[in-house]
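> model this:
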Amino acid sequence: MRRDATMPSISRGSCCVTVACPVSNFRRQVPIGPYIADFVSFSRRVIVEVDGGQHAESKGDLRRDQWFSNEDFKIIRYWNHDVCNPEGVLTDLLTHLNQS
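Prediction:
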């Protein structure tokens, strides 16, 4: 598990994804290959990431996303400030899940 997970990632992100859990069986902070996914549903092959601004345009994140994509995972990303509106994130997340 990541030691430096941000508070919005842990608290608000967990609430949103936990609410979606019954429909997709999300797990939090899961090692996958050389990376740790914030939230993952193996049954849907979906990874949800909650990131701070330091991740914007990160080459490391691009490599990570490519690795997940090569393993047939769909990545849904939210920024920390997005999860301050948990209803909006949940609505968006459920829309993505209904499309997959």
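
> hey, where'd the helices end up in this structure?
7-10, 12-24, 59-70, 86-99 (DSSP state H).

> quick one: residue 43 from residue 77, how far?
According to Cβ to Cβ, to the nearest Å, residue 43 stands 20 Å off from residue 77. For every residue, glycine as well, the C-beta is placed using N, CA and C.

> Can you pick out the residue with more neighbours from those two?
Using other Cβ atoms under 10 Å as the criterion, residue 43 and residue 77 rank with residue 77 on top: 14 against 10.

> Could you pull up the contacting residues of the more buried one?
48-51 (Cβ atoms under 8 Å, 6 or more residues apart in numbering).

> Those residues: which two are farthest apart?
48 and 51 (10.5 Å; Cβ to Cβ).

> Between those two, tell me which one has more neighbours.
With neighbours defined as other Cβ under 10 Å, residue 48 and residue 51 compare such that residue 48 has more, 25 against 19.

> Identify the residue spatially nearest to that one, adjacent ones excluded.
residue 39 (4.1 Å; Cβ to Cβ, 6 or more residues apart in numbering).

> Tell me if I'm right that the one you found and residue 73 touch.
No: using Cβ atoms under 8 Å, residue 39 is not in contact with residue 73, being 11.4 Å away.

> roughly how far apart are residue 34 and residue 88?
32 Å.

> Counting neighbours, go ahead and name the busier of the two.
Under the criterion of other Cβ under 10 Å, the comparison of residue 34 against residue 88 puts residue 88 first, with 13 against 8.
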